[in-house]
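Trainee: Sequence and computational prediction follow.
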Amino acid sequence: MFPTPIQKRPRSAQITYQAFLPVALIVWLLPLLAVALFSIKPDADFTNGNYWGVPSSFEAFTNYGKVFFESNMPRYLLNSLFITIPTVIGAVALSCMAGFALGVYKFKGNLLIFFIFIAGNFVPFQILMVPVRDLTVSMNLYDTKLGLVLFHVAFQTGFCTLFMRNFIRALPFPLIEAARVEGVAEWRIFLYVVLPLMKPALAALAVLIFTFIWNDYFWAVVLTQGPDAQPVTAGITEFNSQFRAAYHLMSAGSIVAALPPVAMFFLMQKHFIAGLTLGAVK
Amino acid sequence: MTEAYWEDTMHSILKTSLAALVAFGATASTAMADAHSLSGELRITSDMSNPAPRAVMEGLVEDFGALHPELEIDLTIVDREAWKTQIRNALGANPPDVVNWYAANRMRPYVDAGLFADISDLWAEPEFEALASTKGAMTLDDKQWGVPYTYYQWGVYYRKDIFDQYGLSEPTTWEEEMANCQTLLDNGVKCYTIGTKFLWTAGGWFDYINSRTNGYDFHIALARGEIEWTDDRVRQTFANWRQLIDMGAFIEDHQNYSWQEALPFMLNGEAASYLMGNFAVAAMRDGGLTDDQLDFYQFPVINASVDYAEDAPTDTFHIASGAQNMDAAKEFLRFVTSAEVQTEINGGGALGQLPVNANASIDDDKFLEQGFEMLSSNANGGIMQFFDRDFSAEMASVGMEGLQEFMVFPDSLDDILARLEETRQRIYE
Amino acid sequence: MSSADTNRSWYKRNEIAITPWLFLLPAMLFFAVYVIIPIGQSFWISLHEWDGLGDKTWVGTANYERLLGIGDQNIDRKFEVSFWNNLRWLVLYLLAIPAGLFIALFLNQTVTGIRLYKSLFFFPFVISQVVVGLVFSWFYLPNDGLFDVIIGWFGLDIRGGVLGNPNTATYGIIAAGLWPQTAYCMILYLTGLNAVDPEQVEAARLDGAKGRKMLWYVILPQLKPATFIAFVVTIIGALRSFDLISVMTNGGPFGSTRVLSFYMFEESLSEFGFRMGYGAAIAVVLFFIMLGFIVYFLWSMYQDDKGAR
């Protein structure tokens, strides 16, 4: 309702608005369009200083072919997948349970524990860095996907628990009461009464965490190295170190690296936004 | 042969079969396997991750394995850049037997922490005489902590065709260098390309100008923290450097580029030369420069009363102090440094660098030949390992940042030197 | 037999009291090991000199004294630069909130294809900061970069390029960071605008309120929850700025784009680093800056929570 719907404005304003939309979008996405352009250019264009002009030849197949068949990209992508998916499962599972405990039961320390989870989630990564790295090294998990997964699960549990607890609180409590009256065990209430109602929250969290973890760079640098365990965010700069900056390959690689979360976003848009904007309305 | 030599040899026989074999005149490395069979597992972690070095490392393991069929060799190759931070963990718990690293002060943290094995006994063996020129770089606290396997010269790589076009010849003095540069600038060509985004390239310029201005001994004393950064002699170094900066000799905006990103300026003729290590030759040839277009000269004399000193960084192998198979590890180090292997792995088809063993032969490549000639007969001042290996780690990082700032804002020199001096006092006093 | 029986009944009797703890246990365990305990450990490490290899040497508060320049030493220059840059990030990053609101208002219409427009405007947020950093660093390239070309039309030139000039580099990185952050704030406001009470808007219209007045007095108060979340995520994002700096300038030129989080990483884990104690001290300072905000956030949430029950 605000601002005034365009339909109530003069015809000229409507046309201007409709025409301005695509222009604004192009300006907004200009940096991305540039990468897309870079990724189909031949290497020679960059040596010749033709950065932003029309590509002198169309090299999309060559560039993307190189990314997929002549670099470590596929390995990095797989690593990202093997880091992201277990993390999503682990963090969601842990936080469902914790959220259930904090959302349904009244006990001493409930709010305190809840606030510790939230506070921990806001903490700067750097204060965890050295001890977590030492811990990972001492468990012999440095430079393994598992080492990264364990940390991510633990850290994301903070945010996920906040999310789940608030969601469960909004569920109709009488349902749980009714089950209790019938003598259903508490863990069964969780499994058969609460969990089915949590489906939208599970979906929202899963896509959110997927995106967060996929895009993580800091912990990838701290806890892993090399193509054995490193995810794609850390691996992408590899194109740079081989020779001079290979803009065309890095662009193609960037697009490939960005694709999974983008696909996830467009496929699960409703859940994604529901997750992100939790609490934005009362 | 002297008494001492025999005594030495006899001593070694007890410990190693290789020494014994050499003493009896057996030099062919194939003979080693028959006399002494190593067994168990040998774990090697290498940072030779770029394509050519990787092939070399894999070949080394294969050949060594063929000599010792009983030995199981487990090779892990990690990214060269990543290894610089990973080595600490690797050496900590359950370390491999043999690792790659760098010479001089870069060894210091691991030596101090007791993570590198003392291999002075290896260096006492007679065949290590052939490695004498590198012994200093491997020595800390009067002991040796590793062996070198390759090194390479630094110097000015230049576009011969551009020099010819303007009638220039290789300069030998600072005046000639500056005159050349002026001619190039008058014709719209920058004298030097450089990319200082990752800082160390500026360290090369400082190494050369400082050692040419004040001599090798002064340079090393500065690296050891024995001289104040605000010393007038240091200022003289910067004053000389500034002459070039004020002329506009360096390409613009160099703080945005890596050394590779600065290469195109030389490839397309916008800049005429590059102060670099010999590894850059491969990239220049790759970029389309032929050997007719590309040449090399030694950094010119600035102060005629000091000898030439050269940057020639050495790459190394070390044994972890927690190594499980010490015998095999030492044998591998002997193998890598032997004349035969040195000739092979440093050849043009392999690393394309200089062998560390005096009895090895140098590949037929004009840059390697010139470099070897320069280092063996025209570097009487001494061999520097490079700014980030001669200076302690913290001093190097603060220092190189200051050097980069100086190259962009030479007017900030006083401030920069005060900052470096403050760091020096904190670290060394 | 009988003991199992009593056990069960004991569990049955206390089921409601025990169950929450059983459900909490795994999450608490993970969180304690990886988050809570490490915070304490970092405090402990910051009181030592430690290279991450050998033994730690107790130095008391020496690391903090050096950092803050207490006693007869100067304040650590790198720390000073990092701290001011952190403040720049904090203040300028908040621009994402009005910018996001502006775009949300612009897109809050019902015309054909508007949903796709909204998705595409939100798109930058989904992309990794590493990719955003790479893209913007190409955008900023001296001479060849699009930005340099565009300001060239106006006869402007930034010496050394945006990221090569110590006076502009930090702002260049912040601008890159604002791009996805604005998208995030936009989506928060779009959701908030959906829930604005139409009756109130109509009522205000009848009273003659429109334009800016309407926004300020009627709409914004209703968007308060969205603004609060936008504020929280933006502050956290600003203090966590690491990826972009690492990718775009690596802290340079000559250290002018460092922030505390990057400086801490550099001291502890970079090629010439491994001063864990000093790094931990930087992290502790950063933690205390953040703590101020965390307490404020928690307090606000606590007020909300009390109101809800």
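Mentor: Perfect, thanks for sending it. Numbers count the residues shown, from 1 in each chain, chains lettered A, B, ... in the order given.

Trainee: Quick check: the residue of the stretch 1-150 of chain B nearest chain A.
Mentor: B:Ala82 (3.7 Å; CB to the nearest CB). Using the backbone N, CA and C atoms, a C-beta is placed for each residue, glycine as well.

Trainee: Report the secondary structure state of the nearest residue to that residue once chain neighbours are set aside.
Mentor: The spatially closest residue to B:Ala82, leaving aside those adjacent along the chain, is A:Gln225, at 3.7 Å (CB to CB, 6 or more residues apart in numbering or on different chains). For A:Gln225, the secondary structure call by DSSP: H, G, I helix; E, B strand; the rest coil comes out as coil.

Trainee: for chain B, what are the nearby residues on the stretch 151-300 of chain C?
Mentor: C:160-161, C:163-164, C:250, C:252-255, C:269-275 (CB under 8 Å from any CB of the partner chain).

Trainee: just the stretch 51-200 of chain A next, same as before
Mentor: A:Val137, A:Ser138, A:Asn140, A:Tyr142, A:Asp143.

Trainee: Now do the phi/psi pair for C:Leu94.
Mentor: phi -60, psi -20 (degrees, to the nearest 10).

Trainee: Now for it: which residues touch it?
Mentor: Contact partners of C:Leu94, counting by CB atoms under 8 Å, 6 or more residues apart in numbering or on different chains, are C:Phe231, C:Thr234, C:Ile235, C:Ala238.

Trainee: Mind doing that once more with 10 Å?
Mentor: Residues in contact with C:Leu94 (CB atoms under 10 Å, 6 or more residues apart in numbering or on different chains) are C:Leu178, C:Gln181, C:Cys185, C:Ala230, C:Phe231, C:Thr234, C:Ile235, C:Ala238.

Trainee: Need the pLDDT of it.
Mentor: For C:Leu94, the model assigns a pLDDT of 96.

Trainee: Quickly note the distance from it to C:Arg212.
Mentor: 20 Å (CB to CB, to the nearest Å).

Trainee: ok, now B:Leu351?
Mentor: 70 Å.

Trainee: Ok, B:Gly225 next?
Mentor: Counting by CB to CB, the gap from B:Gly225 to C:Arg212 is 63 Å.

Trainee: more crowded one of the two?
Mentor: B:Gly225 (17 against 8; other CB atoms under 10 Å in any protein chain shown).

Trainee: doesn't that one fall inside a strand?
Mentor: No: per three-state DSSP, B:Gly225 lies outside any strand segment and is coil.

Trainee: Could you count how many residues lie near the closest residue to it other than its chain neighbours?
Mentor: Closest residue in space to B:Gly225, ignoring its immediate chain neighbours: B:Tyr428 at 3.3 Å, by CB to CB, 6+ apart. Using other CB under 10 Å, B:Tyr428 has 11 other residues around it.

Trainee: Just want the phi and psi numbers for residue 181.
Mentor: In the absence of a named chain, chain A is used. According to degrees, to the nearest 10, A:Val181 has phi -60, psi -40.

Trainee: think we crossed wires, I meant chain B
Mentor: According to degrees, to the nearest 10, B:Cys181 has phi -60, psi -40.

Trainee: circling back: the residue nearest to B:Ala82 - how many residues pack around it?
Mentor: With other CB under 10 Å as criterion, A:Gln225 counts 22.

Trainee: Can you read off the pLDDT for it?
Mentor: 75.

Trainee: In this structure it contacts B:Thr85, no?
Mentor: Yes: with contacts counted by CB atoms under 10 Å, A:Gln225 reaches B:Thr85, the gap being 7.4 Å.

Trainee: I'd guess C:Ala204 is in a helix, am I close?
Mentor: Yes: counting by three-state DSSP, C:Ala204 falls inside a helix.

Trainee: ok, which stretches of the stretch 51-200 of chain B are helices?
Mentor: B:51-67, B:80-92, B:108-112, B:120-123, B:132-135, B:160-165, B:174-186, B:200-214 (DSSP state H, counting those that start in this stretch).

Trainee: What residues sit buried inside the host helix or strand of A:Phe20?
Mentor: In this assignment (DSSP states H and E), A:Phe20 forms part of helix A:11-28. For helix A:11-28, the neighbour count (16 or more other CB atoms under 10 Å in any protein chain shown) marks A:Leu21, A:Leu25, A:Trp28 as buried.

Trainee: Please give the centre-to-centre distance between the very next helix or strand once past that helix and its chain.
Mentor: Moving toward the C-terminus from helix A:11-28, the next helix or strand (DSSP H and E) is helix A:30-39. Counting by CA atoms, centre = their mean, to the nearest Å, helix A:30-39 is centred 22 Å from the centre of its parent chain.

Trainee: Report all helices and strands that helix A:30-39 contacts.
Mentor: Applying 3 or more CB pairs under 10 Å, 6 or more residues apart in numbering or on different chains; DSSP states H and E, one finds that helix A:30-39 makes contact with helix A:43-47, helix A:60-69, helix A:247-267, helix C:129-139, helix C:146-153, helix C:169-194.

Trainee: rerun that using 8 Å as the cut-off
Mentor: Applying 3 or more CB pairs under 8 Å, 6 or more residues apart in numbering or on different chains; DSSP states H and E, one finds that helix A:30-39 contacts helix A:60-69, helix A:247-267, helix C:129-139.

Trainee: wait, doesn't A:Trp219 sit right on A:Arg133?
Mentor: No: the pair A:Trp219 and A:Arg133 does not pass the contact test of CB atoms under 8 Å, sitting 9.5 Å apart.

Trainee: Any stretches of the chain with poor pLDDT?
Mentor: In the absence of a named chain, this looks at chain A. A:1, A:47, A:240-245, A:279-282 (pLDDT under 70).

Trainee: right idea, wrong chain: chain C
Mentor: C:1-8, C:307-309.

Trainee: the longest helix in it is where?
Mentor: helix C:276-308 (DSSP state H).

Trainee: And for chain A?
Mentor: helix A:73-104.

Trainee: Tell me what angle it forms with helix A:247-267.
Mentor: 30 degrees (axes from the mean of the first three to the mean of the last three CA atoms, to 10 degrees).

Trainee: Is helix A:73-104 positioned near chain C?
Mentor: Yes: against chain C, helix A:73-104 shows contacts by CB under 8 Å from any CB at A:Leu94, A:Ser95, A:Met97, A:Ala98, A:Phe100, A:Ala101, A:Leu102, A:Val104.

Trainee: Give me the buried stretch members for that helix, please.
Mentor: For helix A:73-104, burial by neighbour count (16+ other CB under 10 Å) applies to A:73, A:75-77, A:79-80, A:82-84, A:86-88, A:90-104.

Trainee: which helices and strands does it pack with?
Mentor: So helix A:73-104, by 3+ CB pairs under 8 Å, 6+ apart, packs with helix A:110-122, helix A:145-169, helix A:199-214, helix A:232-235, helix A:247-267, helix C:15-31.

Trainee: Tell me which two in the contacts of C:Leu94 are the farthest apart.
Mentor: C:Leu178 and C:Phe231 (14.8 Å; CB to CB).

Trainee: what about these two, which has more around it?
Mentor: C:Leu178 (21 against 18).

Trainee: Contact partners for the more buried one?
Mentor: Counting by CB under 8 Å, 6+ apart, C:Leu178 makes contact with C:Leu92, C:Tyr93, C:Leu95, C:Ala96, C:Ala99.

Trainee: Assign B:Arg43 to helix, strand or coil.
Mentor: strand.

Trainee: Apart from its neighbours in sequence, what residue is nearest it?
Mentor: Here the residue nearest B:Arg43, using CB to CB, 6+ apart, is B:Pro96, at 4.0 Å.

Trainee: What count of nearby residues applies to the one you found?
Mentor: 22.

Trainee: Same check on C:Gly155?
Mentor: 6.
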